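**Q** kindly generate the corresponding structure for this input.
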Amino acid sequence: MWKRLLLSCVIFWVIFAAGLPARAQDETPEPIYVVQSGDTLWDIARRFGVSVDDLVQANNITDASLLKAGDQLTIPGLSGISGRLQTRPLAFGETLSSLSRTYALPEETLARLNRLTSPAELYVGLQIILPYDAVTEDPSVQPDTQRMEVSSGQTLLELAVLQGSEPWQIALANGIAQPAQVIPGDVLHIRAANVQPGEPAASALLPQIASAVVNPSILTQGKTFVVKLQAPQDLIIKGSFLDHPLNFFYQEGTWFALQGVHAMAEPGVYPIDLSFTPSGGEEWSFSQNVRLDAGDYIFDPDLLVDPATIDPQVTQPENEQWNALAAPVTGQKLWQGTFISPVDRDFSDCWPSRFGNRRSYNDSGYLYFHTGLDFCGAVGNSIYAPAAGVVVFAGPLSVRGNATMIDHGWGVYTAYMHQSEILVAPGDRVEAGQLIGKVGNTGRVTGPHLHWEVWVGGNQVDPLEWLQSSFP
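**A** The predicted structure is shown next:
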């Protein structure tokens with residue numbers, strides 16, 4: 001039996017290796033790009049690394065203004081690539097290797113198609129160019145495919161037999177040139193007759209993870225993002241982003257991690273680092289880049305305040321105390337749905353200063369940002385809890401005046417400053433809409449108002465998104 005198995009493997013690799021040059025020498029027609037809404041000739045030329053003149057000549061274009069969505073343009077200069085092309089955003093969990101396996105294209109071809117010089121240039125949300133048939137309504141679903149993890153000691157031939165496929169089909173689909181390239185733990189893309197449509201596309205993540213999403217796919221300074229993983233409850237998940245841990249919590253079949261981005265974080269491309277430990281298994285690490293955009297915050301006029309309230313000997317210890325209050329991550333999620341306004345309806349859309357605005361105090365230069373959302377109000381106006389939570393601080397501070405902080409669970413906190421009265425105490429459980437204090441004029445202020453903060457994962461974020469959206 002083993003002799004027959006060995007002979008089958010030898011015959012397969014002889015046939016497979018012999019067939020590779022013939023495939024490479026096939027002549028292929030030039031690829032076609034399907035024009036998307038908003039595309040211009042200049043956009044398309046830049047995307048494919050060709051000149052506008054070459055596009056015009058290849059497609060006999062006489063009037064570029066007549067270009068419309070759905071038109072098909074021949075793309076010159078892409079040797080070895082054929083068929084129709086379209087673009088879609090890169091999904092979380094996809095890498096150049098997993099795309100190669102999903103769409104049966106060599107990594108070199110995909111890199112050339114997308115003008116990539118390094119896999120590090122890929123980030124979640126990047127518009128990537130792929131074969132037209134690969135673009136589905138849900139990019140995480142690819143018809144007639146499934147992922148399969150290679151077991152210890154398993155050969156390509158054995159895997160093919162188990163899946164009702166052929167070794168050469170698996171090899172071609174996954175860019176495998178030698179049997180030794182297949183090692184235990186590899187996740188291969190399988191096309192087999194017994195695979196039902198709707199199986200997940202090949203992914204760089206563990207097979208136990210049915211889907212993975214970062215929302216939004218493009219991050220913004222001072223905003224909240226959510227990582228969602230459909231995975232078993234016994235999977236241990238850890239993560240980090242920009243030196244902050246990602247804390248995952250399980251709810252109704254999905255793992256969630258909420259994280260705020262610092263309002264003054266430098267725009268760029270940064271990795272989300274994750275590690276997974278299956279039950280009884282070894283830890284497995286994964287890293288993928290995401291793009292961080294500027295928040296386009298405005299610059300407030302220079303503010304004149306009591307010099308004592310910007311003295312580092314006063315502000316530094318208070319900031320450290322305040323940051324430490326919002327650092328613990330409790331496992332019980334206490335809020336439900338969208339936050340309600342912390343002030344009466346008459347003042348709920350009156351904001352003398354919004355979150356993220358760049359700040360200067362006493363001609364200091366714009367070294368600061370506004371860490372919350374200011375609501376208009378007079379001394380004595382009511383302040384309400386926007387969601388259920390537990391009070392972790394209630395007392396006077398030099399800069400923040402009479403202040404309160406509430407823990408809502410999962411690393412989410414809200415804070416209330418400059419109050420004239422505090423009506424709760426540490427340890428109190430509060431509910432959404434409960435009266436917790438009164439607007440005041442205490443601390444570093446230029447007039448009575450409520451300064452309201454929302455903290456997520458150790459960073460202040462824009463409170464308006466929590467009033468307008470439901471997390472997670």
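
**Q** what about Pro317, is that helix, strand or coil?
**A** At Pro317 the chain is in helix, as set by DSSP: H, G, I helix; E, B strand; the rest coil.

**Q** so what's Ile32 bridging to?
**A** Assessed by DSSP bridges, Ile32 has beta-bridge partners Thr74, Arg84.

**Q** and for it, the neighbour number?
**A** Using other C-beta atoms under 10 Å, Ile32 is surrounded by 17 other residues. Placement of C-beta: from N, CA and C, glycine included.

**Q** before we move on, what about Pro89?
**A** 15.

**Q** wait, it touches Leu130, no?
**A** No: here Pro89 does not reach Leu130: they are 10.8 Å apart, not a contact under C-beta atoms under 8 Å.

**Q** residue ranges with poor pLDDT in the protein?
**A** Within the chain, the stretches with pLDDT under 70 are 1-28, 80, 133-149, 151-153, 156, 159-169, 171-202.

**Q** tell me the domain ranges of it?
**A** 25-64+71-81, 211-293, 307-468 (automatic domain parsing).

**Q** quick one: closest of the ones you listed to Leu113.
**A** domain 25-64+71-81 (6.2 Å; C-beta to C-beta).

**Q** where's that closest one relative to the chain centroid, distance-wise?
**A** Relative to its chain's centre, domain 25-64+71-81 lies at 31 Å (C-alpha atoms, centre = their mean, to the nearest Å).

**Q** what's the answer for stretch 273-290, then?
**A** 16 Å.

**Q** please apply the same query to stretch 416-433.
**A** 34 Å.

**Q** likewise stretch 104-122?
**A** 21 Å.

**Q** distance between the ends of it?
**A** Criterion C-alpha to C-alpha, to the nearest Å; first-to-last residue distance in stretch 104-122 is 19 Å.

**Q** circling back to that earlier point, tabulate the domains of the chain (a markdown table), appending distance to Pro301.
**A** As requested, these are exported to a markdown table (distance: least, C-beta to C-beta, whole Å):
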| stretch | distance to Pro301 |
| --- | --- |
| domain 25-64+71-81 | 38 |
| domain 211-293 | 19 |
| domain 307-468 | 8 |
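
**Q** in three-state terms, label Leu110 for me.
**A** helix.

**Q** I'd say it and Leu99 touch.
**A** Yes: when contacts are counted by C-beta under 8 Å, Leu110 is listed as touching Leu99 (5.7 Å).

**Q** what residues are shared contacts of these two?
**A** Common contact partners of Leu110 and Leu99 (C-beta atoms under 8 Å, 6 or more residues apart in numbering): Leu130.

**Q** between those two, point out the one with more neighbours.
**A** The residue with more neighbours, out of Leu110 and Leu99, is Leu99; 25 against 22, by other C-beta under 10 Å.

**Q** can you tell me the SS state at the more buried one?
**A** helix.

**Q** is it true that it touches Pro131?
**A** No: Leu99 is beyond contact range of Pro131, at 10.5 Å (criterion: C-beta under 8 Å).

**Q** between these two, which contacts overlap?
**A** Shared contacts of Leu99 and Pro131, counting by C-beta under 8 Å, 6+ apart, come down to Leu105.

**Q** would you mind measuring from Asn319 to Pro232?
**A** 41 Å (C-beta to C-beta, to the nearest Å).

**Q** no no, Ser79
**A** 45 Å.

**Q** more crowded one of the two?
**A** Applying other C-beta under 10 Å to Ser79 and Pro232 shows that Pro232 carries more neighbours, namely 13 against 10.

**Q** identify the residue nearest the more buried one in space, chain neighbours excluded?
**A** Among residues not flanking Pro232 along the chain, Gln208 sits closest, at 5.7 Å (C-beta to C-beta, 6 or more residues apart in numbering).

**Q** ramachandran angles for that neighbour?
**A** The phi/psi pair for Gln208 (degrees, to the nearest 10) reads phi -70, psi -20.

**Q** with Phe256 instead?
**A** phi -120, psi 140.

**Q** shouldn't it be in contact with Pro472?
**A** Yes: at 4.4 Å, Phe256 and Pro472 qualify as touching, with contact defined as C-beta under 8 Å.

**Q** what residues are shared contacts of these two?
**A** 226, 228.

**Q** ok so, going back, among the domains of the chain, which comes closest to Ala120?
**A** Among these, if distance is taken as C-beta to C-beta, the winner is domain 211-293, at 6.7 Å.

**Q** start and end of the closest one, how far apart?
**A** Domain 211-293 end-to-end distance (C-alpha to C-alpha) = 25 Å.

**Q** nearest residue to Val314 other than its sequence neighbours?
**A** Nearest non-adjacent residue to Val314 (C-beta to C-beta, 6+ apart): Ser398, at 5.3 Å.

**Q** was I right about the one you found contacting Pro317?
**A** No: with contacts counted by C-beta under 8 Å, Ser398 stays clear of Pro317, the gap being 9.3 Å.

**Q** what pairs with Asp273 across the strands?
**A** Applying DSSP bridges, one finds that Asp273 bridges with Ser240, Ser287.

**Q** report how many residues lie close to it.
**A** So Asp273, with other C-beta under 10 Å, has 15 neighbours.

**Q** residue contacts, it?
**A** 239-241, 285-287.

**Q** how about 10 Å then?
**A** By C-beta atoms under 10 Å, 6 or more residues apart in numbering, the contact set of Asp273 is 238-241, 245-246, 285-288.

**Q** ok, Leu78 - contacts?
**A** Leu78 neighbours (C-beta under 10 Å, 6+ apart): 28, 30-31, 33, 48-50, 85, 109, 112-113, 129.

**Q** give me the buried subset of those residues.
**A** 31, 33, 48, 50, 85, 113, 129 (16 or more other C-beta atoms under 10 Å).

**Q** and the residues you listed as TSV, adding distance to Tyr250?
**A** As requested, the buried ones among the contacts of Leu78 are exported to TSV (distance: C-beta to C-beta, whole Å):
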residue	distance to Tyr250
Pro31	44
Tyr33	43
Phe48	44
Val50	48
Leu85	40
Leu113	39
Ile129	37
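
**Q** mind listing what's buried along stretch 90-108?
**A** 90-105, 107.

**Q** ditto for stretch 432-445
**A** Applying 16+ other C-beta under 10 Å to stretch 432-445 flags 432, 434, 436-445 as buried.

**Q** looking at those residues, which is nearest Asp407?
**A** The closest of those, once distances to Asp407 are taken by C-beta to C-beta, is Ile436, at 13.3 Å.
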